[in-house]
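**Q** Using only what follows, build the 3D model:
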Amino acid sequence: MELWVKKLHPGARLPVRATAGSAGYDLFADVKEPLPLPRGGQVTVPTGIAIQLPGPGYAAFVFGRSGLGVRHGVSPSNGVGVIDSDYRGEIRVGLMNHGPADYVIQPGDRIAQLVVLPVALPQLVEAASLEDTARGEGGFGSTDR
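**A** Take a look at the predicted model:
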């Protein structure tokens, strides 16, 4: 299987796996100068790359980096970004600063991670009813606190 990555300009960095056991590829900020991310603020950070996934049975997901989230409160603004197999535009990462202080994204900073996963594409069937289960409609903490 191959993931094709296109640099949209010469200064962009290809995603990399930090270790042999890494599930995701680090994505890098493709900015020319420091990009302020004020406390409570949001920014969209370009990566300077576009990808081609192996086919419609795959999607790429943009997850936060644990270090940014735990140490600084910086995480993807939409939780998890989904990149469909037919998207060919630049990967941009929306980030939000939930932390107690302003943060500055430096050129080349690792800002998120890209994980490629298979996706199930079942045929949708409209149903008049669904099978009963022990849980039923219980949600939002119904099995614990």
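**Q** Which of the residues in the helix or strand hosting residue 112 are classified as buried?
**A** The secondary structure element spanning residue 112 is strand 110-118 (assigned by DSSP states H and E). Judged by neighbour count using 16 or more other CB atoms under 10 Å, the buried positions of strand 110-118 are 110, 111, 112, 113, 114, 116. Just so you know, the C-beta spots here come from the backbone N, C-alpha and C atoms, and that holds for glycine as well.
**Q** repeat for stretch 54-69
**A** Applying 16+ other CB under 10 Å to stretch 54-69 flags 58, 59, 60, 61, 62, 63, 64, 65, 68 as buried.
**Q** ditto for stretch 19-30
**A** When neighbours are counted by 16+ other CB under 10 Å, the buried residues of stretch 19-30 are found to be 24, 25, 26, 27, 28, 29, 30.
**Q** Could you single out the nearest of those residues to residue 6?
**A** Ranked by distance to residue 6 (CB to CB), those are led by residue 30 at 12.8 Å.
**Q** now the strands for this structure?
**A** Counting by DSSP state E, one finds strands in the chain at the ranges 4-7, 25-28, 35-37, 42-46, 49-52, 58-63, 74-76, 81-83, 92-97, 103-105, 110-118.
**Q** Mind putting those into CSV with distance to residue 133?
**A** Listed next are these as CSV, based on distance: least, CB to CB, whole Å:
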stretch, distance to residue 133
strand 4-7, 42
strand 25-28, 38
strand 35-37, 43
strand 42-46, 39
strand 49-52, 39
strand 58-63, 28
strand 74-76, 32
strand 81-83, 28
strand 92-97, 36
strand 103-105, 44
strand 110-118, 26
